[in-house]
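>>> have a look at this prediction, sequence included:
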Amino acid sequence: MTDLTDLTELAAPPSATPHLRTVTPRLKSPALLLPGALQALRSLGTLVEGQGVPASTLELVHLRVSQINGCGWCIDYGLRQARKAGVSEDRLAAVPAWRESPYLSDAECAALELAEVMTRLADSPDGVPDAVWDRAAQHYDEQGLAALVLYVGVTNLYNRLNVTTRQVPGTF
């Protein structure tokens, strides 16, 4: 049994990666600095509403994409929005391990799978494999698929803006 009085070997090594308490934004969000940018991004995000994908599914997709991209600001915001949309804590907690979750529907899992491969395009020689697309197409019509693709793209854009400029979670 390990002597628990000295846990220094379990401590994480020092990291050059900024921590939440030490993060200083590099720049105000570009969406706030460039006239009309935030309105354009919001418009793109709201276009998907009512287009065949439940709001709760969109929130789960936003959360998963933001987790993959390591966007603390978007994860924090996404959790708040998902709760407002009525997503339960069990379902929110299941997102990182959605493949094993009993709390998510087949349609939600297909949307999450599509979101993951779209976010990690370089990980597959053919970008989005046909099998992934076909699973999503079993649950969503063309309009719903278009909404999902657009929403994942917009979420990735927000993630890239926020991670690059080091936006601090909770600063809404």
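Noted; the coordinates are in hand. Note that the structure is a prediction, hence the values are computed from the model and not measured.
>>> any idea which element Leu27 lies in?
Leu27 belongs to no helix or strand when assigned by DSSP states H and E.
>>> residues in contact with it?
Leu27 makes contact with Leu33, Thr165, according to Cβ atoms under 8 Å, 6 or more residues apart in numbering. For the C-beta atoms, the positions are set from N, CA and C on the backbone; glycine is no exception.
>>> one more: the one 10 residues further on?
By Cβ under 8 Å, 6+ apart, the residues touching Ala37 are Pro30, Ala31.
>>> how much space between it and Ser29?
In this structure, Ala37 lies at 9 Å from Ser29, with Cβ to Cβ, to the nearest Å as the measure.
>>> Leu145 contacts Arg135, doesn't it?
No: using Cβ atoms under 8 Å, Leu145 makes no contact with Arg135, being 11.3 Å away.
>>> Gln143 and Glu49 touch, don't they?
No: no contact is recorded between Gln143 and Glu49 when judged using Cβ under 8 Å, the distance being 12.0 Å.
>>> where does this protein have low pLDDT?
Within the chain, the stretches with pLDDT under 70 are 1-22.
>>> helices along that one, start to end?
For the chain, applying DSSP state H gives helices covering 30-33, 37-47, 55-69, 72-84, 89-94, 106-119, 130-137, 142-164.
>>> tell me which of the ones you listed is the most buried.
Among the helices of the chain, the stretch with the highest mean neighbour count (mean count of other Cβ atoms under 10 Å) is helix 55-69, at a mean of 23.
>>> contacts made by that helix with the rest, please.
Applying Cβ under 8 Å, 6+ apart, the external contacts of helix 55-69 come out as 48-49, 74-75, 78-79, 81-82, 85-87, 91-92, 95-96, 98, 104, 107-108, 111-112, 115-116, 119-120, 147-148, 151-152, 155-156, 158-160, 163.
>>> apart from its neighbours in sequence, what residue is nearest Leu92?
Ala82 (5.9 Å; Cβ to Cβ, 6 or more residues apart in numbering).
>>> ok, now Gln138?
Closest residue to Gln138 apart from its sequence neighbours, by Cβ to Cβ, 6+ apart: Ala110 at 6.8 Å.
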